[in-house]
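Enquirer: what follows is a predicted structure for the sequence shown.
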Number of protein chains: 4
Amino acid sequence: MFFASDNGAPVHPSVLNALSEANTGYAGGYGADALSLEVEERIRTLFEAPEAQVFLLPTGTAANALALATICQPWQTIYCHRNAHIEEDEAGAPEFYTNGAKITLVEGEHGLIDPALLSAVITNAAASGVHNVQRGCLSITTATECGTVYSLDQLKTLTSIAAKFDMPCHLDGARFANALIKLGCSPAEMTWKAGIDILSFGGTKNGLMGVEAVVIFDPKTTWEFELRRKRGGHLFSKHRYLAAQFKAYLDNDLWLTLARQANASAQTLLSELASVDNFSCLHPVDANLLFVEFPRALHRNLAKAKAQYYFWPFNQTLEGPDHEMISARLVCSWSTTQDDIRKFIGAIHA
Amino acid sequence: MFFASDNGAPVHPSVLNALSEANTGYAGGYGADALSLEVEERIRTLFEAPEAQVFLLPTGTAANALALATICQPWQTIYCHRNAHIEEDEAGAPEFYTNGAKITLVEGEHGLIDPALLSAVITNAAASGVHNVQRGCLSITTATECGTVYSLDQLKTLTSIAAKFDMPCHLDGARFANALIKLGCSPAEMTWKAGIDILSFGGTKNGLMGVEAVVIFDPKTTWEFELRRKRGGHLFSKHRYLAAQFKAYLDNDLWLTLARQANASAQTLLSELASVDNFSCLHPVDANLLFVEFPRALHRNLAKAKAQYYFWPFNQTLEGPDHEMISARLVCSWSTTQDDIRKFIGAIHA
Amino acid sequence: MFFASDNGAPVHPSVLNALSEANTGYAGGYGADALSLEVEERIRTLFEAPEAQVFLLPTGTAANALALATICQPWQTIYCHRNAHIEEDEAGAPEFYTNGAKITLVEGEHGLIDPALLSAVITNAAASGVHNVQRGCLSITTATECGTVYSLDQLKTLTSIAAKFDMPCHLDGARFANALIKLGCSPAEMTWKAGIDILSFGGTKNGLMGVEAVVIFDPKTTWEFELRRKRGGHLFSKHRYLAAQFKAYLDNDLWLTLARQANASAQTLLSELASVDNFSCLHPVDANLLFVEFPRALHRNLAKAKAQYYFWPFNQTLEGPDHEMISARLVCSWSTTQDDIRKFIGAIHA
Amino acid sequence: MFFASDNGAPVHPSVLNALSEANTGYAGGYGADALSLEVEERIRTLFEAPEAQVFLLPTGTAANALALATICQPWQTIYCHRNAHIEEDEAGAPEFYTNGAKITLVEGEHGLIDPALLSAVITNAAASGVHNVQRGCLSITTATECGTVYSLDQLKTLTSIAAKFDMPCHLDGARFANALIKLGCSPAEMTWKAGIDILSFGGTKNGLMGVEAVVIFDPKTTWEFELRRKRGGHLFSKHRYLAAQFKAYLDNDLWLTLARQANASAQTLLSELASVDNFSCLHPVDANLLFVEFPRALHRNLAKAKAQYYFWPFNQTLEGPDHEMISARLVCSWSTTQDDIRKFIGAIHA
């Protein structure tokens, strides 16, 4: 009964097989091997973007921070949702990699940036010229930290606001596959066709050991990106093992299969939870995350059964009146089973 | 016939097995899993340093840069050999992670810092007080970039110079195992007992996929290190797969076995090369690297046979007089075989 | 009729006299002259802080950014009011000097930090440990950007919240003198006795040419501050001319006299504005700034008379309905005269 | 008898007069005043560079560091002479402002960069591509730290080496006027006509209180420079007082008159020193600095007479054998008098 995070799940077996297959003989270092080149080309094809440049990286924080540093100057600001991962969960990595850019927070329900608020804050920015931090870039996350997914229209609305001010757009796609499954569109439609210039294309939360791909649709900045990656200590010498993982991810659309499973599990869990007393769901469940609320007594039951998940926010406790509502985050992964869900629901009612 | 780099070698099969074994069920993220804790404890035991803190990282550049940033302020300088990896091969990662510290280069034969020169440059530093970059730390590499290994006495001489000025000492041990095999001493003797405060303990060049351990012997700075690692994007969510690799490395002293093989191969290659016309060896072969010189015609033979290695320096070419001497670097790895060596020598003479 | 800013005012004649007096013969550079040492000692005496260290700097932005960098690590955050100068008017200087610290904004009426909101945001910070930007320091401004002044009790309430989390406190005193006049207390009472650790003590907005003093009440960090100042390019070689200005500032309490004049002018202007149709004052006038609102038609009258001041916010215009309300900032300086005020009021009614 | 530094000299009286003249009424802040605009235009005219952009700054360190940050990326290196001010006397300000660029040192006699060595080090740079710090810019100083002055041909030789690699060139002109007097050429000839892209045009060492001008001949980067200046805390609110100083500097060619005096004093001092026992001069005296050597006993005489100057290097002392040679730096300034020189020579022989 592990619903704490999608990165607590094991790696899909195909990924380990791919590592073994890649482990034959010598290979050029730092991406100069055949497997790395093949994977880069396949990602270009997948995104219908023959000019795009692709970079493999070990963590989502590295992918986001390097992407942002490449499109945002130190004296500029990054616009994002108040709950964005880059604001709340990366210990200041964007500030570090950009050499001190600011992050300007925009509100919006269910983790979705409110376009009117975004437009207002950008329009009013830098009114005093040189005295102000300047407009830099927009960073959008989908699936969001609340488990919601922007529609293509919503994405385009946001990127067109940025475009009015000549700002590039970054997409934090740590759960890109989960969002794509929800929308049922193509990778191109959810990225460059919707105004995205640079993408963090997640793999780790969806069955890989530790690989994300940064896809740069505008190849002008790629040499700078390469230098920043090396300088950040993120250029792997034995790069083929990053590539092997991503090859397994793309083969037979494994990435879509795994995300589809995780999203489906989330829907199953949601429908089972409907039976729980006083249950409510705080955000639409578009991907593999649920934000739920039910009485403390039931959380105590789950604790007894050693169910693993986070109270959200963290500062709630098992101590207190039975009937008080406690909110929590439940995350399904590719490896969540029907049995896990059944046990979880069983434990609530125990 | 691959002698280009030890990071072109495949991963040792035990490492892949360890990944498979680790791939069962769910685990806490970011190092909060049993395997990670076990590996950290084993490294402490290995170094006879119960207070030490251990951090796993994916690349040597990250290990070095984060270690240096933790012991060197932005307005200070790092003393190292002119050919140190941190100076020549990390694209300015130390400067990036330290927020602009300087690197002061010290000369010395065979990649070894000359103690008299080190002492002089440190003594004369910061004579104008606030107008100067300040003394920061000493960074030593062993095995060095020239394939030589400091004796314990040589190490202590250097660290005692730093100690006179209250400067901490970093050891870049990308080839730590190869150096240890040469000295036949204990890990503790080659580190904290010799005055080292923080160590980059290499795994990647010696059979792992991509893991290095930073060992901090003085635990005062570890919380800062943790924050810097996260901020640099180097804290893995699925941390158990870094730990699994390192567990395989330590199990049955695999790390020593592999380094012993690589060093032995280097000695075999050296003795075979003695038969080559006009051959000379430019540095003592203490570890797994050879720096050699022989006539261009023989390099042409090797090129025809598709032997892979680097001219050193890079700017030499196959074009030119037959008898002119060309210098090259040859690297043996754990996977270098007697057959590889026999073929290489055969190709020279072909 | 210049009410645009206190830094548009000329320099007080005593300051120029002091420069002339200082301009005799040779002097040691970089602060090693008798006048500099004298001024530092006088500031220590003024603040009843014999251990304090004093540094003269040319701009308020440099003073604030260097002070903050000295007390806030790159992976930490600075808490301040949403309208603080460090957030809105320094083009990211704090982010630059701290190497990428974050600024966390706290709301509060009239430019005053709301203690309950501050307490909540600090309490809830860094709940995920290493994944979060850490608590750093508190920066308070008085007189605030809204022209209000914290009472001593209000100051202590804020600094005691920071103290609970072992966070140091910075005071942005660009208009320190104006605030002190309002409170009628001693410099010590408004700083270290109220929990302030490091102060930007303004001179430029109050009659100097360009000097601010940073006063560090805890002398442990002063060598670091000196290095940061030099590294920032803010250590003057001909330092005696900074010291001379500040000497004139302190002689005969000129600094208090000038601030008293400016505050009194603001009160006169306020009382005269009471006669204006539909006039309202948006914030209490505790110092030398007024935030006022009156109909557009009257602003047109002022524009015709070439009165200089800023609409606040900037994006309001003279175009539009006559009776619509326009808000504006009016700043009095030491050199504002009764005649200036009379003319301004006359122009409104013209 | 003050020969310690040209920044120990007082300010020329015209400068104080200009400050008084500027001190009438209100003025726009941050450079938006008539005087600032006038001075910028005059500098453009002086340099025959109608497109150039001009920025006034308070210190030479700020001027150099901001200029370099504008033309050198964080992952690049700055080539300069081993004894350049940016390497030896700015406490790492270039590293700070560039966010961690490296400085690569080039040797050369008498403080002059050796063109063959420069060419070699640039040619051999970045041979490993992304693994290396990249070529950034060239920084030349004239008059050099050894008091020598490059001929126009020498300057062009150096800038043409940089041009081959598309690197921009910075000129550290802290003693620009002294160099110009030596060459007798025009400011344009010594800068953009010789391949200089960005200039630190010194004022402080030559009679001003504290103003340097950065002149950017290629206006593409000026908005970035403005933002960096503000972000560095170097944009003065009461900017007219910087402008006033520079106006006085340009009026009646004061800047040339003062430099001519200083250079002439250096020549007088040099010819008088010829009479001293065992005297030798270590570098050609092209500007206002002398590097000299004579026996310790004579330095003792000077010490008794309280002559002020620096031993060079600093680590020599008055203790030791009488006849041992001690080397020293003697600096003449605009305010050095014939009498000062006579007394100095008298004291040696006393």
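Expert: Looks like it came in fine.

Enquirer: what's the distance between the residue sitting nearest the centre point of chain A and residue A:211?
Expert: Geometric centre of chain A, nearest residue: residue A:174, 2.0 Å, by CA atoms, centre = their mean. Computed as CB to CB, to the nearest Å, the residue A:174 to residue A:211 distance reads 12 Å. The way it works is simple: take the backbone N, C-alpha and C, and place the C-beta from them, glycine included.

Enquirer: can you check residue A:168 too?
Expert: Residue A:168 is 24 Å from residue A:211, by CB to CB.

Enquirer: low-scoring stretches of the stretch 1-150 of chain A, by residue?
Expert: Of all residues in the stretch 1-150 of chain A, none has pLDDT under 70.

Enquirer: overlap in contacts, residue A:174 and residue A:211.
Expert: residue A:204 (CB atoms under 8 Å, 6 or more residues apart in numbering or on different chains).

Enquirer: helices of chain A, residue ranges please.
Expert: For chain A, applying DSSP state H gives helices covering A:13-22, A:34-46, A:60-71, A:85-88, A:93-97, A:115-123, A:152-164, A:176-183, A:222-231, A:240-250, A:254-273, A:296-304, A:338-349.

Enquirer: residues of the last one that come out buried?
Expert: Of the residues in helix A:338-349, those buried under the neighbour-count criterion (16 or more other CB atoms under 10 Å in any protein chain shown) are A:340, A:341, A:344, A:345, A:347, A:348.

Enquirer: run through who's touching it.
Expert: In contact with helix A:338-349 (CB under 8 Å, 6+ apart) are residues A:1-3, A:265, A:268-269, A:272-273, A:275-276, A:294, A:298, A:301-302, A:304-305, A:307.

Enquirer: which of those count as buried?
Expert: Looks like the contacts of helix A:338-349 have A:1-3, A:265, A:268-269, A:272-273, A:276, A:294, A:298, A:301-302, A:307 buried, using 16+ other CB under 10 Å.

Enquirer: for those, which two are the farthest from each other?
Expert: A:265 and A:301 (20.9 Å; CB to CB).

Enquirer: looking at the helices of chain A, which is closest to residue B:93?
Expert: When the helices of chain A are compared (using CB to CB), the closest one is helix A:222-231, at 5.1 Å.

Enquirer: show the contacting residues for the nearest residue to residue A:12 once chain neighbours are set aside.
Expert: Distances taken as CB to CB, 6 or more residues apart in numbering or on different chains place residue A:207 nearest to residue A:12, at 3.9 Å, with adjacent residues excluded. Residues in contact with residue A:207 (CB under 8 Å, 6+ apart) are A:9, A:11, A:12, A:15, A:249, A:254, A:255, A:258, A:333, A:334, A:335.

Enquirer: try 6 Å
Expert: A:12, A:258, A:334 (CB atoms under 6 Å, 6 or more residues apart in numbering or on different chains).

Enquirer: top of those residues by neighbour count?
Expert: With neighbours taken as other CB atoms under 10 Å in any protein chain shown, the top of the contacts of residue A:207 is residue A:258, carrying 27 neighbours.

Enquirer: would you mind measuring from that residue to chain D?
Expert: 32 Å (CB to the nearest CB, to the nearest Å).

Enquirer: pretty sure that residue is touching residue A:208, no?
Expert: No - Residue A:258 lies out of contact with residue A:208 (CB atoms under 6 Å); the separation is 9.4 Å.

Enquirer: closest residue of the stretch 251-350 of chain A to chain D?
Expert: Proximity of the stretch 251-350 of chain A to chain D (CB to the nearest CB) peaks at residue A:255, 28.0 Å away.

Enquirer: and that residue, how many neighbours?
Expert: Residue A:255 has 26 nearby residues by other CB under 10 Å.

Enquirer: equivalent analysis for residue A:179, please.
Expert: 27.

Enquirer: and it, what does it touch?
Expert: Per CB under 6 Å, 6+ apart, neighbours of residue A:179: A:142, A:143, A:149.

Enquirer: I'd like to know which of the residues you listed is nearest to residue B:105.
Expert: For the contacts of residue A:179, the nearest to residue B:105 is residue A:142 (47.9 Å; CB to CB).

Enquirer: residues from the stretch 201-350 of chain A in reach of chain D?
Expert: A:226, A:227, A:230, A:231 (CB under 6 Å from any CB of the partner chain).

Enquirer: point out the residues in chain A that sit beside chain C.
Expert: Contact residues, chain A versus chain C (CB under 6 Å from any CB): A:75, A:89, A:91, A:92, A:95, A:96, A:100, A:102, A:127, A:131, A:133, A:314.

Enquirer: name the nearest residue to the third one, ignoring sequence neighbours.
Expert: In other words, residue A:91. residue B:230 (4.2 Å).
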